[in-house]
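# Predicted model and sequence follow; I will ask about them next.
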Amino acid sequence: MTKQDLVNAAAMKAGVTKKAAAEVLDAMIESITKCLKKGENVTITGFGTFRVSKRAARTGVNPRNPGEKIKIPAMKLPAFKAGKSLKDAVR
């Protein structure tokens, strides 16, 4: 399902225009992104939790030259943990 498919489904289900549904979806994505940038978790009850995961620095192998070691820096990554209702629905 693409973003446009999601907008179409939300517009039909809520009985609003596709433009209004797209604006709401964009606002939600923007809000979630801002919270994650601040390091905050975003919990949607019954759906799941978006959070920031930290990956430690490590040493890797250069794929172009397997004999060469490279340093991979520490970084933050977005992560999602599904809620109980979502897990039960998928099972």
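Alright, I've got the coordinates.
# Domain ranges for the protein, per the record?
1-39, 41-91 (automatic domain parsing).
# Show me where the protein has its strands.
Secondary structure of the chain by DSSP state E: the strands cover 42-44, 48-55, 58-61, 69-72, 75-82.
# in the fourth one, what counts as buried?
Taking 16 or more other Cβ atoms under 10 Å as the basis for neighbour counts, none of the residues of strand 69-72 comes out buried. For every residue, glycine as well, the C-beta is placed using N, CA and C.
# Return the distance of the nearest residue to residue 74 once chain neighbours are set aside relative to residue 39.
Once flanking residues are discounted, residue 74 sits nearest to residue 57: 4.2 Å by Cβ to Cβ, 6 or more residues apart in numbering. As judged by Cβ to Cβ, to the nearest Å, residue 57 and residue 39 stand 19 Å apart.
# what's the answer for residue 66, then?
Counting by Cβ to Cβ, the separation of residue 66 from residue 39 is 36 Å.
# can you redo the strands of the chain as JSON lines with mean pLDDT and distance to residue 6?
Below are these laid out as JSON lines (pLDDT from 0 to 100; distance: least, Cβ to Cβ, whole Å):
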{"stretch": "strand 42-44", "mean pLDDT": "96", "distance to residue 6": "15"}
{"stretch": "strand 48-55", "mean pLDDT": "96", "distance to residue 6": "16"}
{"stretch": "strand 58-61", "mean pLDDT": "94", "distance to residue 6": "36"}
{"stretch": "strand 69-72", "mean pLDDT": "94", "distance to residue 6": "34"}
{"stretch": "strand 75-82", "mean pLDDT": "96", "distance to residue 6": "16"}
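# where exactly do the helices run in the chain?
Ranges of helices in the chain, per DSSP state H, are 3-14, 18-38, 84-90.
# Tell me which of those approaches residue 77 most closely.
helix 18-38 (9.9 Å; Cβ to Cβ).
# Can you give me the buried ones in the closest one?
For helix 18-38, a neighbour-count test (16+ other Cβ under 10 Å) marks 21-22, 25, 36 as buried.
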